[in-house]
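[1] A structural model of the following input is requested.
(one chain, ligands or ions: 2)
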Amino acid sequence: MSQNKTIMEVNQELVKERAKCNFNVLEVTHILDGGEKNTLHRKKIESIALDEGAYKDPIPEEYLSPKEKYENAVRKSCLFCKIVKNALTEFTGLEHFSNFFVLRRTADAFFKEISPFLLHLGMFLPTILGQCTTEQQAYWLPRVLDIQIIGTYAQTELGHGTFIRGLETTATYDPETEEFVLHSPTLTSYKWWAGGLGKTVNYCIVVAQLYTKGVCHGTHLFIVQIRDEETHMPLPGIKVGEIGAKMGFNTADNGYLAFDHYRIPRQNMMMKNAQVLKDGTYVKPDSHGKLTYGTMVLVRVILVNEVAFNLAKACTIATRYSAVRRQSQPKPNEPEPQILDYTTQQHKLFICIATAHALQLASAWLWKTFNAVMSDMKKGNTDSLPELHALSSCLKALSTSDVTSLIEQCRYSCGGHGYMLCSGLPNIYSFVTATRTYEGDYTILLLQTARFLVKAYEQAEAGTPVTPTVLYLIEFVSGKRTPWDGSPEGIIKSFQEIAAGNISSCVKSIRNRMSSGLSFEDAWELTTIQLVGAAEAHCRAVISDTYKKEIARITASSSTNVKIVMEQLVNLYLHYWALNRTGDLLRYSSISGEDVANLQMKYEELLTLIRPNAVGLVDAFDLRDEILHSALGSYDGQVYKRLFAEALKSPLNQEPVNETFHKYLKPTMQGKL
Ligand SMILES: CCCCC/C=C\C/C=C\C/C=C\C/C=C\C/C=C\CCCCC(=O)SCCNC(=O)CCNC(=O)[C@H](O)C(C)(C)COP(=O)(O)OP(=O)(O)OC[C@H]1O[C@@H](n2cnc3c(N)ncnc32)[C@H](O)[C@@H]1OP(=O)(O)O
Ligand SMILES: Cc1cc2nc3c(=O)[nH]c(=O)nc-3n(C[C@H](O)[C@H](O)[C@H](O)COP(=O)(O)OP(=O)(O)OC[C@H]3O[C@@H](n4cnc5c(N)ncnc54)[C@H](O)[C@@H]3O)c2cc1C
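    Residues are numbered from 1 along each chain as shown. Ligands and ions are numbered 1, 2, ... in the order given. Prediction:
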């Protein structure tokens, strides 16, 4: 493996673990990267960005003040962009966007938290690609890709994040001057949260209610200059600042923004879908009404990959540490076992490895689906957009939620040392837990998927065709059931039956409530706990099915041992979730109590089978130490030496006696305070 420039010799525990591994690690790396060519490309970018050591901080980030942290992050963002500039200029279409994953991953070496430029590349750029006309793109893109301007995406307001139709910022067209007048009528209409808005950006995309000829046409997107390009001073009519300290994202200067009758040219409305003509005539998009929500769909797709990557980081750290750490003495007169040998520890960790694989492959599949839908839409066909919206919503919701819990589980599995910032786990957690909220809160997105599922159920009942991911509903409404057989295919089938059963129960509840006199809205509202459950079950079935099929497809030409270990992980994922949902299985499938006991036995066998390959499996994620930032997870496994070296960096250790001794401790102890 092209691992890291290790200064320390590799710990013997890890040497032995690597010798035990029975499959070709590089082959698995290629699978996860989507092919050998992608691995080589990734390594090339990582080398360009990291080999010279430019990412290194003179003082560890965690010991800087908030202001210094931010300033250091800006310095490094500029440096990072300079180093990878050639790679950046390639991104002239959304179809190239998957290459950003490589940059994103590499950038992690530079930032323990996050770059204040994240939204520039993660949302400003894709919105320009997705929402601007060709002429607008020709004007804005070169400036964006060359970092001549820096932008963000300001949609959320102090009063509204979820309910976009409730946003209060107005953009009123003035045909006299051919300008839009942006205004923030209330405190709750202040833009709030946009990353980089506080101090970094000079432009942003603003989502505002469009008024022309006295009529409100709903929310539309505008490119707005907020700071002078020379002095960086906020322009007259703009009030902008930072929102303050957060649980994480502290180097991302999330900001607030308000407008006082601030004017922008008509051409700054993003006009790919709807337009306002010079005289103020509004031209409606002739296809789907939600096309202005496009960037959110893209970013939801991206986030599935993003959290898979973060889970890979967390389980690399926790698995390597668990191979080095020894604790307790279950058998008298025998050495303390590696904690990785405890079945409960394997239960905590191997599901993380399997989930990272499942989500990585599901995200690649979703990315392909996204591109296919975009290509249809270029031809004016928006028929597949509702399914993409439903899929990206539930996959974003479930992946961010699962990964948040699993990263915390990785921290638990590292005991006290996992609580140290230098383990890397707290920063990974505080980044990922936010993904459950931003870009659409968990509950909200699952309820969006539920809307789609209820409609699909009604179509299946009526005998009209349904889209590919809900084909299982046709069998369900026809009353056909597959007897439980405990095979991987059988488990996936039962997940689909759980999903169909849950959707059917929701439909019944809504109908019963409506027949007892409630409105559809009230009946829906009272059923939302079940609807969230149904969307979650559907999504679990989709992930499981995709994971199994993709592994079978990709490993068709793999070596035998790679095939075996990949299949073991798929089975582990399926057994883990089947055991987690025995209540649903008993309710909606023909599983018996004895079958549940067999599932448990099989699950425990899988843990034992995977155990010798555990370190090889996390090595296959091929995460350079610079990207992991972890004393517990480095490739050399020198956990204790690294923990001690980190402790010595603490500012409190730079002097033998702290001044508080003279000021407070001594007077207190001597009764003089
Ligand atoms: C220098 C270093 C650089 C390092 C970086 C290097 C590279 C970076 C590159 C990549 C980055 C990698 C990863 C991360 C990338 C970026 C992310 C990082 C940070 C992000 C920060 C977060 C940003 C944000 O949070 S922006 C704000 C997001 N806000 C939301 O998501 C709001 C959620 N709310 C909604 O989506 C909607 O309001 C709603 C809840 C869906 C309801 O909408 P509404 O209009 O009320 O619609 P309604 O419910 O009535 O439904 C009507 C109808 O429309 C359908 N619908 C709804 N939405 C959509 C849609 N999006 N598409 C299609 N259809 C949609 C809905 O289903 C209904 O249909 P129907 O009537 O049932 O048929
Ligand atoms: C770190 C971070 C970065 C962000 N960056 C950006 C950015 O760059 N640009 C930007 O525009 N925004 C950004 N956001 C804002 C983010 O998109 C919103 O916070 C998110 O969409 C949730 O909206 P909200 O905060 O209004 O939550 P709310 O909608 O107020 O949700 C609060 C609770 O109410 C529940 N709830 C709300 N409505 C319903 C309903 N209809 N049915 C059932 N339950 C409901 C939710 O499930 C949730 O539990 C960021 C947020 C964070 C945390």
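[2] Quick check: the residue of the stretch 201-350 of the chain nearest ligand 2.
    residue 249 (4.5 Å; CB to the nearest ligand atom). Placement of C-beta: from N, CA and C, glycine included.
[3] my read: that residue touches residue 114, true?
    Yes: using CB atoms under 8 Å, residue 249 is in contact with residue 114, at 5.5 Å.
[4] more crowded one of the two?
    residue 114 (26 against 19; other CB atoms under 10 Å).
[5] re earlier: would you mind giving the secondary structure of the residue of the stretch 201-350 of the chain closest to ligand 2?
    coil (DSSP: H, G, I helix; E, B strand; the rest coil).
[6] State the distance from it to residue 422.
    Noted for residue 249: a distance of 20 Å to residue 422, by CB to CB, to the nearest Å.
[7] in the stretch 551-673 of the chain, what residue is nearest ligand 2?
    Counting by CB to the nearest ligand atom, the stretch 551-673 of the chain gets nearest ligand 2 through residue 629, at 19.5 Å.
[8] which residues touch that residue?
    108, 109, 112, 422, 424, 427 (CB atoms under 8 Å, 6 or more residues apart in numbering).
[9] hang on, the earlier thing: what do residue 249 and residue 114 both touch?
    In contact with both residue 249 and residue 114: 195, 431, using CB under 8 Å, 6+ apart.
[10] rewinding a little: which one (most neighbours) among the contacts of residue 629?
    residue 424 (27 neighbours).
[11] so what pLDDT did it get?
    What the model reports as pLDDT for residue 424 is 98.
[12] Can you give me every residue that contacts it?
    Per CB under 8 Å, 6+ apart, neighbours of residue 424: 112, 313, 314, 317, 628, 629, 630, 631, 632, 633.
[13] Also residue 288?
    382, 385 are the contacts of residue 288 under CB under 8 Å, 6+ apart.
[14] Give me the residue at the spatial middle of this structure.
    By CA atoms, centre = their mean, the chain has its centre lying nearest to residue 303, at 3.1 Å.
[15] With ligand 1 in mind, check whether stretch 54-66 reaches it.
    No: Stretch 54-66 does not reach ligand 1 (CB under 6 Å from any ligand atom); its nearest approach is 11.1 Å.
[16] now what about that stretch, what contacts it?
    49, 69, 72, 76, 79-80, 83, 109-113, 245, 250-251, 421, 626, 646, 649-651.
[17] quick check, nearest of the contacts of residue 424 to ligand 1?
    Nearest to ligand 1 among these, with distances taken as CB to the nearest ligand atom, is residue 112, at 13.3 Å.
[18] what about that closest one, which SS state?
    Under three-state DSSP, residue 112 comes out as coil.
[19] Same question for the one 4 residues further on.
    At residue 116 the chain is in coil, as set by three-state DSSP.
[20] remind me which residues of the chain are low pLDDT?
    Scanning the chain for pLDDT under 70 picks out the ranges 1-7.
[21] who in it is up against ligand 2?
    119, 153-156, 160-162, 193-195, 249, 254, 434, 437-441, 443-444.
[22] rewinding a little: could you pick out the buried ones from the contacts of stretch 54-66?
    The neighbour count (16 or more other CB atoms under 10 Å) marks 49, 69, 72, 76, 80, 83, 109-113, 250-251, 421, 626, 646 as buried among the contacts of stretch 54-66.
[23] Now flag whichever of those residues is closest to ligand 1.
    residue 80 (4.4 Å).
[24] where's that closest one, which helix or strand?
    Using DSSP states H and E, residue 80 maps to helix 66-83.
[25] from the chain's centre, how far out does that helix sit?
    23 Å (CA atoms, centre = their mean, to the nearest Å).
[26] Going along the chain from it, find the next helix or strand for me.
    Next element after helix 66-83 (DSSP H and E): helix 85-88.
[27] quick revisit: which among the contacts of stretch 54-66 are in contact with ligand 1?
    residue 80.
[28] Count the neighbours of the residue in the stretch 101-250 of the chain positioned nearest to ligand 2 for me.
    In the stretch 101-250 of the chain, the residue that lies nearest ligand 2 is residue 161 (2.3 Å; CB to the nearest ligand atom). Around residue 161 there are 18 other residues, counting by other CB under 10 Å.
[29] wait, what's in contact with residue 130?
    Contacts of residue 130 (CB under 8 Å, 6+ apart): 94, 272, 294, 295, 298.
[30] just residue 427 next, same as before
    Counting by CB under 8 Å, 6+ apart, residue 427 has contacts 112, 113, 248, 421, 629.
[31] Surely it forms part of a helix?
    Yes: counting by three-state DSSP, residue 427 falls inside a helix.
[32] quick one: the helix or strand harbouring residue 458 near ligand 1?
    In the assignment (DSSP H and E), residue 458 maps to helix 442-462. Yes: contact of helix 442-462 with ligand 1 (CB under 6 Å from any ligand atom) involves 444, 448, 451.
[33] could you point out which element follows that helix?
    helix 472-477.
[34] Now do the buried residues in that next one.
    For helix 472-477, by 16+ other CB under 10 Å, it's 472, 473, 474, 475, 476, 477.
[35] in the stretch 51-200 of the chain, what residue is nearest ligand 1?
    Counting by CB to the nearest ligand atom, the stretch 51-200 of the chain gets nearest ligand 1 through residue 122, at 2.8 Å.
[36] any idea which element the nearest residue to that residue once chain neighbours are set aside lies in?
    Setting aside the residues directly before and after it, residue 122 is nearest to residue 299 in space (CB to CB, 6 or more residues apart in numbering), at 6.7 Å. Assigned by DSSP H and E, residue 299 belongs to helix 294-324.
[37] Tell me what angle that helix forms with helix 442-462.
    Using axes from the mean of the first three to the mean of the last three CA atoms, to 10 degrees, one finds that helix 294-324 and helix 442-462 are set 110 degrees apart in direction.
[38] And the helices in the stretch 201-350 of the chain, which stretches?
    When assigned using DSSP state H, counting those that start in this stretch, the helices of the stretch 201-350 of the chain occupy the ranges 294-324, 343-378.
[39] Could you check the angle the longest one makes with helix 294-324?
    Angle, helix 343-378 to helix 294-324, by the same axes, to 10 degrees: 160 degrees.
[40] buried sites along helix 343-378?
    345-367, 369-370, 373-374, 377.
[41] picking that back up, filter the residues of helix 442-462 next to ligand 1 down to the buried ones.
    By 16+ other CB under 10 Å, those give 448, 451 as buried.
[42] Residue 606 contacts residue 573, correct?
    No: using CB under 8 Å, residue 606 is not in contact with residue 573; the gap is 9.7 Å.
[43] between the two, which one's more packed in?
    residue 573 (26 against 23).
[44] isn't the more buried one right next to residue 546, touching?
    No: the criterion here is CB under 8 Å, and residue 573 misses it with residue 546 at 11.2 Å.
[45] and the chain, which residues reach ligand 1?
    77, 80-81, 100, 103-104, 107, 115, 117-119, 121-123, 153, 155-156, 161-165, 195, 290, 293, 296-297, 299, 302, 306, 385-386, 389, 438-440, 444, 448, 451.
[46] Name the residues of the helix holding residue 458 that are buried.
    Result for helix 442-462 [16+ other CB under 10 Å]: buried residues 442-443, 445-454, 456-457, 459-460.
[47] coming back round to it: who wins for neighbours among the contacts of residue 130?
    residue 295 (25 neighbours).
[48] how would you label the residue nearest to it when sequence neighbours are not counted: helix, strand or coil?
    Counting by CB to CB, 6+ apart, residue 295 lies nearest to residue 127, which is 4.4 Å off, once chain neighbours are set aside. Here residue 127 takes the helix state, with states given by three-state DSSP.
[49] Now do the buried residues in the strand or helix carrying residue 537.
    Element membership of residue 537 [criterion: DSSP H and E] is helix 528-554. By neighbour count with 16+ other CB under 10 Å, helix 528-554 contains the buried residues 530-548, 550-551, 554.
[50] do stretch 381-398 as well
    Buried, per 16+ other CB under 10 Å, within stretch 381-398: 382, 384-398.
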